[in-house]
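Participant: what shape does this take:
(chains A and B)
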Amino acid sequence: MTNKAKLQNLIQDVFLLTSEEFRFDLKRSEVETWDSFGVVSMAVGVQQTFGYHFTPEEATSIQGVDDIIKVLTSKGMAFD
Amino acid sequence: MILLHEQNVHHDPSRLSTAWAESETFALLPEKLSVSEEWLEQSLNLVPRELHRDHFIMLTSGTTGQPKLIVGNRARSEKLVHVLHDRQDSELVQETISMLPLSYTYSFVNQWLWSHVMQRRFITTHGLADPKSLKASLQAACDAMICLVGVQVPLLMTHLAGERFEGVIRVHFAGGRFPQEKMDDLRAMFPNAQVFNNYGCAEAMPRLTIRSAEEASEAANIGHPLCGIEMRSDDHHAILFRSPYGAVGVVEAMKFTAITPNDWIPSGDLGEMNDDGSWRLLGRASEVFKRHGEKVSLAALTTTVSAAWSGQCAFYREADRTGEDGCVLVLAPEATNDAIKPVLMALRKHHPRAQWPLRIENVPTLPLLPNGKTDVRALPSLANKSTLWQQHI
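Facilitator: Take a look at the predicted model:
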């Protein structure tokens, strides 16, 4: 499974989104369930799925799926 | 004191009639004893001598509680039968088909004792343990009453799918959540039946309230108290009752406690009275907790899940890795990850994240107690379960 597919599954699981609702340019403001507990859950999910632990600053600054990709890409992971 | 074993009574219900006619108190014991012979003997010895005549004793374990002996008074229970007969509009009913163990106070009072007092036919079956035989009994039904627990409905719809049983004219539910969302299926299967939601507990021996399916639209509504029964809730919403038909004593943890007419007895549920005097359940006292400061009601979650899932569902409590209280949802029968999407969407729509289960597990079938209720204590250690979804915590 590609990193993109893993990330899509993770985001859908964490925020209870359907595949139709998911987009890679989805913003936090568009997702009702992307609340403070959702941020924590997303960070734990990223750590469990990709092995990278967001710093608190990174976790709170993420405003959309593309921001997650940017951080993970900067750590050497490919999302092509 | 006479000991009656369910397996013997099932084959020959006249043994119960004989025991009821004699003055010596008898104990009706389930086929599978959840207690040791020693526990039983010691507990029975704690029943005061003055209750050794004209009473009867049932053994109950509940879904999460400790085993206890409940002592009922025969005259009180016969009075309750007459009250139920009127409130359940049972004059037209000519027979009752037993689908639950008789050691369950619901089945014992609402079916066997009713048939005995009202002189109607009592028909035993092995319930859903033998669907073929049950189907034959239901097809042969003639103005019959059946008593079910809600968790049996998915099984009924699976084993007897597409069947119509026109001879069943009363369908009662008790002993768990009322399957309000399954009414269309039930009406298709029992087209001539009035359906009732009955509420009570073993200490009530067993009935406190009743309503017809049409009287309310939400499963949590349990209707009005029966004539003569008083109900109130305390500051924590625990339901308390006083009943002229209720048990007169309980043996629990090697101690006999008499129940007097002045005692307010907890039913074990949380609830509140509606403006019209009917009552609404908020959950079991043990099934409401807080997670991240948010109140979580397993009853409310069950309502949500049941509307999105046609199979069986149950919850058990578990703390997450941070020590925060949570719950795990168990679904049956076996399903794919895609099949639970409606459940996840329903959780998202109706509940904040703090109320979502920690994970969703899947088993072929839920473990049941002899009384037909889900064996909640067995859920955490089931060997054949898979995880369909989980929160990242």
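Participant: so what's the residue nearest to residue B:13 when sequence neighbours are not counted bridging to?
Facilitator: Among residues not flanking residue B:13 along the chain, residue B:122 sits closest, at 5.6 Å (C-beta to C-beta, 6 or more residues apart in numbering or on different chains). C-betas here are computed from N, CA, C, even on glycine. Note on residue B:122: beta-bridge partners by DSSP bridges are residue B:96.
Participant: surely residue B:122 touches residue B:102?
Facilitator: No: in this structure residue B:122 lies outside contact range of residue B:102 using C-beta atoms under 8 Å: 9.5 Å.
Participant: now do the longest helix seen in chain B, average pLDDT.
Facilitator: Taking DSSP state H as the criterion, chain B has its longest helix at helix B:74-87. Mean pLDDT, helix B:74-87: 98.
Participant: where does the chain dip in pLDDT?
Facilitator: In the absence of a named chain, this looks at chain A. For chain A, no stretch has pLDDT under 70.
Participant: that was the other one, I meant chain B.
Facilitator: Using pLDDT under 70, the flagged stretches of chain B are B:34, B:61-65, B:371.
Participant: nearest to chain A within it, name that residue for me.
Facilitator: residue B:392 (3.6 Å; C-beta to the nearest C-beta).
Participant: spatially nearest residue to that residue, not counting backbone neighbours?
Facilitator: residue A:45 (3.6 Å).
Participant: who are the packing partners of the host helix or strand of that neighbour?
Facilitator: Using DSSP states H and E, residue A:45 falls within helix A:36-50. Applying 3 or more C-beta pairs under 8 Å, 6 or more residues apart in numbering or on different chains; DSSP states H and E, one finds that helix A:36-50 makes contact with helix A:3-15, helix A:56-61, helix A:65-74.
Participant: more neighbours: residue B:122 and residue B:102, which one.
Facilitator: Using other C-beta atoms under 10 Å in any protein chain shown, the more surrounded residue of residue B:122 and residue B:102 is residue B:102, with 24 against 19.
Participant: can you tell me the closest non-neighbouring residue to residue A:12?
Facilitator: Residue A:12 sits nearest to residue A:22 (C-beta to C-beta, 6+ apart), 5.6 Å away.
Participant: contacting residues for the residue lying closest to residue B:265 once chain neighbours are set aside?
Facilitator: Taking C-beta to C-beta, 6+ apart, and ignoring the residues beside it in sequence, residue B:265 has residue B:203 as its nearest neighbour in space, at 5.1 Å. Going by C-beta atoms under 8 Å, 6 or more residues apart in numbering or on different chains, residue B:203 touches B:70, B:246-247, B:250, B:259, B:265, B:267.
Participant: can you list the residues of chain A near chain B?
Facilitator: A:10, A:13-14, A:16, A:18, A:32-33, A:35, A:37-38, A:40-42, A:44-45, A:48 (C-beta under 8 Å from any C-beta of the partner chain).
Participant: hmm, which of these are the buried ones?
Facilitator: Among these, those buried by neighbour count (16 or more other C-beta atoms under 10 Å in any protein chain shown) are A:10, A:13-14, A:16, A:33, A:37-38, A:40-42, A:44-45.
Participant: quick check: of the residues you listed, which lies closest to residue A:77?
Facilitator: residue A:10 (13.0 Å; C-beta to C-beta).
Participant: now do the nearest residue in space to that closest one that is not next to it in sequence against residue A:13, distance only.
Facilitator: With sequence-adjacent residues excluded and distances taken as C-beta to C-beta, 6+ apart, residue A:10 is closest to residue A:45, at 4.8 Å. With distances taken as C-beta to C-beta, to the nearest Å, residue A:45 is found 7 Å from residue A:13.
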